[in-house]
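Chemist: Have a look; sequence and predicted model below, questions after that.
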Number of protein chains: 2
Amino acid sequence: MIRVVLVEPEGEYNVGFIARLCRNFDVKELYIVRPKCDLEQAKNFSAKGLEYLSKAKIVNNLNEALQGVDVSLSTSSIADSQGDMLRKSVTPEEAAKAFGDRHVALVFGRESVGLTREEIEMTDFLVHIPATPDYPVLNLSHAVGILLYEFWKLRRKETRPKVSQ
Amino acid sequence: MIRVVLVEPEGEYNVGFIARLCRNFDVKELYIVRPKCDLEQAKNFSAKGLEYLSKAKIVNNLNEALQGVDVSLSTSSIADSQGDMLRKSVTPEEAAKAFGDRHVALVFGRESVGLTREEIEMTDFLVHIPATPDYPVLNLSHAVGILLYEFWKLRRKETRPKVSQ
Ligand SMILES: Nc1ncnc2c1ncn2[C@@H]1O[C@H](CSCC[C@H](N)C(=O)O)[C@@H](O)[C@H]1O
Ligand SMILES: Nc1ncnc2c1ncn2[C@@H]1O[C@H](CSCC[C@H](N)C(=O)O)[C@@H](O)[C@H]1O
Ligand SMILES: Nc1ncnc2c1ncn2[C@@H]1O[C@H](CSCC[C@H](N)C(=O)O)[C@@H](O)[C@H]1O
């Protein structure tokens, strides 16, 4: 069971697209920590994910957004190659394999400055989506889409009915 | 080597985001067939992918956009479960494994109506991103992001330097 957590998202198109992605990949919960954009405007981009915006839990801090999950994963466009990171990052694939069957929070940062070190420290693991070292900074909602897709692939394999014959 | 082909894209934010994704995942070529939106506006969403918009090849039909590639893959939110598709669809993973080392065109359709049957027929294979059967229709640029990510993962595995020790 997946909870998507957005920390201070700034772009209404991103929030709207994320609501749509939540529907596409059957996410159970959407939490938004101190939204910095207009959630009404976001509805213009949510297509059939609209209800995720009406039902989103708006909370005051990341701690609240992490209540009740088994494991929390923060995300960053910066991998751990410099060795000066808080924790070694895992790939989306590794994260899905390790935690796909748990109640997991996927935590995404601000378009402008990502997550703070304090926020990353509050989570159990850090996920980095591999991309060109030259410019690995994805747009927020596209990072969300890739994570949800990896988790979906795994759930799909596990639940796909066996064809007997 | 990857060529991204967009057929009649309608949203400038999508085209801008796709330019950014092209940079994130080191795409070589971006072709746009009869753009239906303002490419200048798209630049507001392209971040460091800006140069892909300036260098994009604008062409008049899909046939032109497919010149010179080894293999072409169209994409659709509709899988082949009904048995009435032109061709059986493959997953992004299967496509990347089969064609990741070729010069491949990835062809994406209009936000409103996708690709026509004729356009799908012009390509060699059809790719469907697995998502909830209830609503598998991703937003255009998010579908592009997931495909590029799968192809990138494979290239990364193949080119990652071996650590000896
Ligand atoms: N230990 C760590 N592991 C992974 N990413 C980290 C990290 N420490 C910092 N970062 C990344 O660096 C970003 C900013 S950390 C603070 C630096 C400053 N606010 C700035 O943006 O320049 C975080 O959002 C996170 O993405
Ligand atoms: N390659 C990548 N891997 C994992 N998450 C990524 C990512 N690229 C972007 N994101 C997600 O998208 C959010 C906005 S991008 C933040 C960029 C910001 N300039 C910074 O300094 O961090 C990030 O906080 C993260 O949640
Ligand atoms: N699940 C999925 N798998 C593969 N491509 C998808 C997808 N969801 C969206 N796309 C891509 O995004 C484009 C716009 S979505 C098109 C939706 C349209 N209502 C239709 O009838 O098809 C599609 O043409 C395809 O290129």
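Modeler: Here it is on my side, so go on. Ligands and ions are numbered 1, 2, ... in the order given.

Chemist: Against chain B, how distant is the most centrally placed residue in chain A?
Modeler: In chain A, the centroid-proximal residue (CA atoms, centre = their mean) is A:Leu106; its distance is 3.9 Å. To chain B, A:Leu106 is 15 Å away according to CB to the nearest CB, to the nearest Å. C-betas here are computed from N, CA, C, even on glycine.

Chemist: what residues does chain A put near chain B?
Modeler: Contacts of chain A with chain B, taken as CB under 8 Å from any CB of the partner chain, map to A:13, A:17, A:20-21, A:23-26, A:45, A:47-48, A:93, A:129-132, A:134-139, A:141-142, A:145-146, A:149, A:152-153, A:156.

Chemist: near ligand 3, which of those show up?
Modeler: For ligand 3, no contacts are drawn from those by CB under 6 Å from any ligand atom.

Chemist: May I see the ChimeraX selection of the buried members of the residues you listed?
Modeler: Entered in ChimeraX, the line below selects the buried ones among these, by 16 or more other CB atoms under 10 Å in any protein chain shown:
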select /A:13,17,20,21,23,24,25,26,45,47,129,130,131,135,136,137,138,139,141,142,145,146,149,152,153
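
Chemist: Most proximal residue of chain A with respect to ligand 3?
Modeler: Closest contact between chain A and ligand 3, by CB to the nearest ligand atom, is at A:Asn24 (7.6 Å).

Chemist: who touches that residue in this structure?
Modeler: Neighbouring residues of A:Asn24 by CB atoms under 8 Å, 6 or more residues apart in numbering or on different chains: A:49, A:148, B:131-132, B:135-138.

Chemist: again with A:Val59
Modeler: A:31-34, A:65.

Chemist: Briefly note if the longest helix seen in chain A comes near ligand 1.
Modeler: Across chain A, the longest stretch assigned as helix under DSSP state H is helix A:140-159. No: Helix A:140-159 does not reach ligand 1 (CB under 6 Å from any ligand atom); its nearest approach is 11.0 Å.

Chemist: hmm, that helix in reach of ligand 2?
Modeler: Yes: contact of helix A:140-159 with ligand 2 (CB under 6 Å from any ligand atom) involves A:140, A:143.

Chemist: can you dump the C-alpha coordinates of that helix into CSV?
Modeler: What follows is helix A:140-159, C-alpha atoms only, in CSV (Å, rounded to 0.1, in the frame of the first residue of the first chain):
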residue,chain,number,x,y,z
LEU,A,140,8.7,16.6,-9.7
SER,A,141,5.7,14.9,-11.2
HIS,A,142,7.9,12.9,-13.6
ALA,A,143,9.9,11.6,-10.7
VAL,A,144,6.7,10.6,-9.0
GLY,A,145,5.5,8.8,-12.2
ILE,A,146,8.7,6.7,-12.5
LEU,A,147,8.6,5.6,-8.8
LEU,A,148,4.9,4.7,-9.0
TYR,A,149,5.5,2.8,-12.2
GLU,A,150,8.3,0.7,-10.6
PHE,A,151,6.1,-0.2,-7.6
TRP,A,152,3.2,-1.0,-9.9
LYS,A,153,5.2,-3.4,-12.0
LEU,A,154,6.1,-5.4,-9.0
ARG,A,155,2.5,-5.5,-7.6
ARG,A,156,1.3,-6.5,-11.0
LYS,A,157,3.7,-9.4,-11.3
GLU,A,158,2.7,-10.6,-7.8
THR,A,159,-1.0,-10.4,-8.5
